[in-house]
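Engineer: Quick one: sequence and predicted model below, then my questions.
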Amino acid sequence: MGFILGVIQIFVLLFAITIHEAAHGWTAYKLGDPTAYLQGRVTLNPIAHIDPFGTVLLPLILVAFGAPAFGWAKPVMVNPYNLRNPKRDNLWISAAGPFSNLVVAFFCLLFLIFLKSISSNTEYFLKNLLTGSIVFGAGFRPMEGLALILFYGILINTYLAIFNLIPVPPLDGSGVLMGFLSDEAAQKYEKIRPYGFIIILALIYLGLLSLIIRPILFIIYSIILIS
């Protein structure tokens, strides 16, 4: 069962980060910068976005040790000189990735609720899943497999969106925040970029990200159970 969950998580993660990066590239293209488009990054083909470590090796290591799959893709390149309004447009480009993940999570949730409403076996399976006692019935049940894919589609896309909205460089939240800062404040804020990775690790170590994501996951679980 652990192998099945690992494969599903990696599959969903690959789809989620592909959507994320393609959204960045598409938004940049629409706002006047063709860099990502010319590099073949405005596509849903995951091969175009794969980072050997962040997309392949790290998720495999995490799943092998029983941890949730997580990772990243190659960052989309943006040339601010091609943008009509660099400060404003960079805000939209930065927000596009997390927003796309939230949209995917929302539709996965709707589909999962629909699936639950038409299948009593799926409803029973989801209750076991959310209470930590995942059980497959005798034989292969495609509905249960689809429910798992949708469930992890909700979790992974939501987690990616929230994580990337942390306002610390180089995460997308920093680009969103800088769109609201004055030029002087943005220049001061940019000085923390060299320390961004250390700050992110510290936030994860201190459990601050968990404090944000847990209430949101609780709401998602409650919606699935009571719908």
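Structural biologist: Nice, I can see it. Numbering: from 1, shown residues only.
Engineer: only C-alpha atoms for contact and neighbour calcs from this point on.
Structural biologist: Noted.
Engineer: Lowest-scoring secondary structure element of this structure by mean pLDDT?
Structural biologist: Using mean pLDDT, DSSP states H and E, helix 120-130 stands out as the lowest-scoring helix or strand of the chain, at a mean of 80.
Engineer: Please enumerate the helices of this protein.
Structural biologist: Per DSSP state H, the chain carries helices over the ranges 2-30, 35-38, 58-64, 86-118, 120-130, 142-164, 172-178, 183-190, 196-205, 208-226.
Engineer: show me the contacts for the spatially most central residue of the chain.
Structural biologist: Most central residue of the chain, judged by C-alpha distance to the mean C-alpha position with C-alpha atoms, centre = their mean, is residue 160 at 2.7 Å. If you count contacts by C-alpha atoms under 8 Å, 6 or more residues apart in numbering, residue 160 has them with 16, 98, 101.
Engineer: cool, and residue 56?
Structural biologist: Residue 56 makes contact with residue 50, according to C-alpha under 8 Å, 6+ apart.
Engineer: Check the spacing between it and residue 50 real quick.
Structural biologist: When C-alpha to C-alpha, to the nearest Å is the yardstick, residue 56 and residue 50 sit 8 Å from each other.
Engineer: picking up where we left off before, give the buried residues for the least confident helix or strand of the chain.
Structural biologist: Within helix 120-130, the residues that count as buried by 16 or more other C-alpha atoms under 10 Å are 122-123, 125-126.
Engineer: So which of the residues you listed is the closest to residue 11?
Structural biologist: The shortest distance between residue 11 and any of those, using C-alpha to C-alpha, involves residue 126 and amounts to 19.6 Å.
Engineer: picking up where we left off before, point out the one among the helices of the chain that comes closest to residue 79.
Structural biologist: When the helices of the chain are ranked by distance to residue 79, counting by C-alpha to C-alpha, first place goes to helix 35-38 at 6.7 Å.
Engineer: Roughly how far does the closest residue to residue 123 other than its chain neighbours sit from residue 227?
Structural biologist: Nearest residue to residue 123 in three dimensions, chain neighbours excluded: residue 116, at 4.9 Å (C-alpha to C-alpha, 6 or more residues apart in numbering). Residue 116 sits at a distance of 8 Å from residue 227 (criterion: C-alpha to C-alpha).
Engineer: neighbour count winner among those two?
Structural biologist: A direct count of neighbours by other C-alpha atoms under 10 Å for residue 116 and residue 227 places residue 116 higher, at 22 against 11.
Engineer: Roughly how far does that one sit from residue 65?
Structural biologist: Distance from residue 116 to residue 65, by C-alpha to C-alpha: 31 Å.
Engineer: For residue 34, give me the backbone phi and psi.
Structural biologist: Residue 34 has phi and psi values of phi -90, psi 10 when expressed as degrees, to the nearest 10.
Engineer: Look up how far residue 23 lies from it.
Structural biologist: To residue 23, residue 34 is 13 Å away according to C-alpha to C-alpha.
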